[in-house]
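> let me see the structure of the following:
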Amino acid sequence: MPNLALKQVFQHIKQQTPLLVRFVSLAFQSSFNRAYLNPELHRQLKEIDTHLSTHSYFAGDVFSYADILMWFPLYAASYATPQFAQYQSIQHYFTQIQSRPAFNAAMARGQWSASYFEHYWSITQ
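Next up, the predicted model:
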């Protein structure tokens, strides 16, 4: 989901802009988010939610590499998208994935920091 990356890039541009002219980057970021990124993310998440409403996983009813690859951007979108709670099938998908013992073992082995991740993506709202 490159649109999530764009949200993060614009956030960092805004943070790195000198204070006296920060309003310019803030106006650009806000306009771009409102006019393009937020509607496009909503469209993509709606399609994913529709797919997951009829399938347990991305490749049908069997867990696959697609699920491993899609977990990260969807989890990032849960923090970067203000209305994420409306996607009930994606929420259920998270519950399924996060209840897998192998998922929890991988998170522990990778020393996953949920608080850092949450902070990093929540600033893009």
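> SS state for the residue of the chain most remote from its centre?
Computed with CA atoms, centre = their mean, the maximum C-alpha offset from the centroid of the chain is found at residue 20, amounting to 31.0 Å. Secondary structure state of residue 20, per DSSP: H, G, I helix; E, B strand; the rest coil, is helix.
> please report how far it lies from residue 14.
Per CB to CB, to the nearest Å, residue 20 is found 14 Å from residue 14. Heads up, the C-betas are built off the backbone N, CA and C, glycines and all.
> before we move on, what about residue 82?
Noted for residue 82: a distance of 17 Å to residue 14, by CB to CB.
> what of residue 73?
Counting by CB to CB, the gap from residue 73 to residue 14 is 22 Å.
> can you check residue 103 too?
On the measure of CB to CB, residue 103 and residue 14 end up 34 Å apart.
> check residue 24 too.
For residue 24, the distance to residue 14 equals 9 Å [CB to CB].
> these two: which is more packed in?
Neighbours per residue (other CB atoms under 10 Å) separate residue 24 from residue 14, with residue 14 holding more: 18 against 12.
> mind pulling up the pLDDT for the closest residue to the more buried one other than its chain neighbours?
Counting by CB to CB, 6 or more residues apart in numbering, residue 14 lies nearest to residue 25, which is 4.5 Å off, once chain neighbours are set aside. Looking at residue 25, its pLDDT reads 89.
> likewise the one 3 residues further on?
Residue 28 carries a pLDDT value of 89.
> next: the one 4 residues further on.
On the pLDDT scale, residue 32 is placed at 90.
> mind listing what it touches?
Contacts for residue 32 (CB atoms under 8 Å, 6 or more residues apart in numbering) come out as 6, 10.
> mind listing what residue 71 touches?
Listed by CB under 8 Å, 6+ apart, the contact partners of residue 71 are 94, 97.
> ok so it is a strand residue?
No. Checked against three-state DSSP, residue 71 lies outside a strand; its state is helix.
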